[in-house]
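> Give the three-dimensional model of this entry:
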Amino acid sequence: MSHLKDLNLKQKEAAELIGGPLLILAGAGAGKTKTITHRVLEIIKKGVSPHQILAVTFTNKAAKEMRERIFKLIEEDETINLPISEFARPFISTFHSLGVHILRENSSLLKIPRHFTIYDRSDSISAIRGALKELSLDPKQFEPAKFLSIISKQKGEGISLSHYEEKASENYIDKILLSIWRKYQTTLLNDKAYDFDDLLLVTKNLLKDNDGVRKRYQNIWQYIHIDEYQDTNKVQYEIAKLLTGEKKNICVVGDIDQSIYSWRGADFKNIMRFEKDYPETKTILLEQNYRSSKIILKAANAVIEKNTLRKDKNLFTENEEGEKISLFGAYDENHEASFVAQKIKSLLQSGMKTKDMAILYRANFQSRIMEEIMLKENIPYQVLGTKFYERKEIKDIISYLRASLDENSLNDFRRIINTPPRGVGKTTLLKIIEGHEEQLPSATKEKIFSVRKLLLEIKNMALNKKLSETILFIIEKSGLKKYYEEEKDAGVEKLENMFELISVASKYDSFETQEALDLFLTECALTSDQDDLKEEKEGVRLMTVHAAKGLEFNYCFITGLEEGLFPHEGMGGKKNLEEKEEERRLFYVALTRARKKLFLTYASVRSQYGQRNMNVPSSFIDDIAPDILENELGENDSFRGKIVYLE
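From the prediction side, this is the model:
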């Protein structure tokens, strides 16, 4: 029991309850990862084989942290006499990575390539844009991203194209959606590809419809852990239930107060109904916060207790009282950004580091003015949202690798055949795809032959050499290195990114080639915004509150606290109770990102949608007790009072 000595009483109780269903309601900063990792170790110490344990969470970053901590606990525990290999360890992943794993293991049953293509968001939008073109629909009138969002939400509800065809009405929009979805589905089938939602939906259907497959995984994973259970959608919820066998050894961890993803299908009711799904459930509340000061928690508790769709809990901490929460009312967004910059410079002068500070906002458009002021004041910053694996040069290299492993991957072949430029046009590509390659001129045939020869060489490398060597081979032999070297200044960053991919690949050099390929291609396909956050890199972090969930910083600036912006009024201007309470949960998440100090800011005038709008401060501010707030003056402000507008 020595490994449990550093847990508090509630954490220890959760770690020791290893049989049957367990619900852990863990408040922000309450040490849930520590609890789960020690619970996994406790299960192993009770004689369970590590490979029989499954732990699923939502981001690669969270899965990586959990994996490292669990493996470290196992390796350091001298009482466990196990060969510590990749096969003797618990399976820890995201839901999407779990789906990829199951689909790859059953690829022959599903009649798909083991290294099937995974469409990222940009691939899917491109495919839908192609569908619109085939249907002679204007992409300006019928936005591809909106139709992708509708299709994604349907799949998240467990509805496939065939199911939607049965229930769709005869109205115009449904007919248009069906036409687009059919074309999109055809593109996926032709490319032997799945999009992100398919990774879950196809996995769920496989587990549901195939008794042998379902029982096999129930037998393998006899102890299941699901983190962030309040963020599961219907399909993820059903996957968890299907994997849970008769023993019902399922432990779910979550916090209703941090459920903020309904717009992407998450249903916080999943966690509220857990005790009904499993009547034998034992429920434990983790309420001691190890992150924030007493003042920050006082504000957070006051805000969230106004919600009615929740289970009561009250965070407390033994941390210091902390500084009061600063409140700044700016004239406009420029004034607001200037104040934030001044405070950051002041913190830097007192010895703080930029990477310990975050500027949070409700909507992406707010980042523009903040970036401008950061540049003007020469303050280093990092914006969350530019994904490394979505850069063109990175996707090109991945396509070379996938095309070499699967000669039927049309999407990848289309991408690399003229990258770098080889004089292969669309007409030539169409003839190749349609099987009329013999009609091509001799010179063109020679170009195609050389590409196919290169792909065979890449495949040979991939199956016999270290992964990092294969990536370097692709960069050099494909001509990409030479091509970007000739671009000079414009190509420098792209070359740096490509060589960074070699560093990523080198993490898998110690694995067997097949496993290395599986893990690497999964990582490339399933990264999230947080995975691109460079922990070691200096710079103030700029991000939406949604993107900040799961992160923490010493100093947080929550900006744009105005009615209509935060809380956001949405497109219709009216929100129901669930939507209103989700906005409040979002503010609660923002508050609980801070360890030491919070700065709340709002602007009386803000440009939005091309108009200058007058605003009133967010009603959320009124929920915070005045005795823990302090009004701030900007560097050039000589007064603080109400601004009166005369028109």
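
> Would you state the helices of the stretch 251-400 of the chain in chain order?
269-272, 274-277, 294-304, 333-349, 367-376, 392-405 (DSSP state H, counting those that start in this stretch).

> JSON lines for these, including mean neighbour count and mean pLDDT?
To be clear about C-beta, it is placed using only N, CA and C from the backbone, and glycine gets the same treatment. Formatted as JSON lines, the helices of the stretch 251-400 of the chain follow (neighbours: other CB atoms under 10 Å; pLDDT from 0 to 100):
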{"stretch": "helix 269-272", "mean neighbour count": "20", "mean pLDDT": "91"}
{"stretch": "helix 274-277", "mean neighbour count": "16", "mean pLDDT": "93"}
{"stretch": "helix 294-304", "mean neighbour count": "23", "mean pLDDT": "96"}
{"stretch": "helix 333-349", "mean neighbour count": "19", "mean pLDDT": "95"}
{"stretch": "helix 367-376", "mean neighbour count": "17", "mean pLDDT": "88"}
{"stretch": "helix 392-405", "mean neighbour count": "22", "mean pLDDT": "90"}
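
> Relative to residue 6, which of those helices is closest?
If you check each of those against residue 6 by CB to CB, helix 294-304 wins as the nearest, at 21.5 Å.

> Any buried residues in stretch 110-126, and which?
Using 16 or more other CB atoms under 10 Å as the test for burial, stretch 110-126 gives 110, 112, 113, 115, 116, 117, 118, 119, 120, 123, 124, 125.

> what's around the closest residue to residue 48 other than its chain neighbours, how many residues?
With CB to CB, 6 or more residues apart in numbering as the criterion, residue 48 has its nearest non-adjacent residue at 6.3 Å, and that residue is residue 223. The number of residues packed near residue 223 is 24, by other CB atoms under 10 Å.

> cool, residue 143 as well?
That count, for residue 143 with other CB under 10 Å as the rule, works out to 15.

> Could you do residue 319 as well?
Neighbour number of residue 319 under other CB under 10 Å is 19.

> Show the backbone phi and psi for it.
Residue 319 adopts backbone torsions of phi -70, psi 170, taken as degrees, to the nearest 10.

> residue boundaries of the strands in the stretch 1-150 of the chain?
Ranges of strands in the stretch 1-150 of the chain, per DSSP state E, counting those that start in this stretch, are 22-26, 53-57, 91-94, 117-119.

> okay, those strands in CSV with mean pLDDT next?
Shown next, in CSV, are the strands of the stretch 1-150 of the chain (pLDDT from 0 to 100):
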stretch, mean pLDDT
strand 22-26, 95
strand 53-57, 95
strand 91-94, 94
strand 117-119, 89
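
> Pull out the buried positions in stretch 255-263.
255, 256, 257, 258, 259, 260, 261.

> For residue 35, give me its contacts.
Taking CB atoms under 8 Å, 6 or more residues apart in numbering, we find residue 35 in contact with 7, 11, 14, 15, 24, 26, 253, 286.

> What is the nearest of those residues to residue 525?
Distances from residue 525 to those, taken by CB to CB, are shortest for residue 253, at 25.9 Å.

> now the closest residue to the closest one other than its chain neighbours, which residues is it bridged with?
Distances taken as CB to CB, 6+ apart put residue 24 closest to residue 253, at 4.4 Å, once the chain neighbours are dropped. Note on residue 24: beta-bridge partners by DSSP bridges are residue 253, residue 284.

> just for the chain, where's the confidence low?
1, 81-87, 385-387, 488-490, 527-536, 570-574, 608-611, 634-647 (pLDDT under 70).

> Swap in 50 and give it another go.
84, 86-87, 571-572, 638-647 (pLDDT under 50).

> hey, which strand is longest across it?
Scanning the chain for the strand with the most residues, using DSSP state E, yields strand 594-608.

> Determine the set of other helices and strands touching it.
Contact here means 3 or more CB pairs under 8 Å, 6 or more residues apart in numbering; DSSP states H and E; on that basis strand 594-608 packs against helix 294-304, strand 325-332, helix 333-349, strand 553-558, strand 611-614.

> What are the contacting residues of the very next helix or strand once past the fourth one?
The first helix or strand that comes after strand 553-558 along the chain, using DSSP states H and E, is helix 577-591. When contacts are defined by CB under 8 Å, 6+ apart, helix 577-591 is touched by residues 28, 257-260, 262, 296, 299-300, 303-304, 306-310, 360, 362, 545-546, 548-549, 556, 558, 566-568, 570, 575, 598, 618, 620.

> before we move on, what about stretch 403-412?
Contacts for stretch 403-412 (CB under 8 Å, 6+ apart): 113, 115-117, 119, 123, 190-193, 399-400, 402, 413, 415-416, 433, 455-456, 458-459, 462, 517.

> and residue 545, how many residues sit next to it?
The burial count for residue 545: 22, using other CB under 10 Å.

> you'd agree it is up against residue 361?
Yes - in this structure, residue 545 is within contact of residue 361 by CB atoms under 8 Å, at 7.3 Å.

> hmm, back to that, reformat the helices and strands packed on strand 594-608 as TSV; add distance to residue 371.
Output for the helices and strands packed on strand 594-608, formatted as TSV (distance: least, CB to CB, whole Å):
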stretch	distance to residue 371
helix 294-304	27
strand 325-332	17
helix 333-349	9
strand 553-558	14
strand 611-614	20
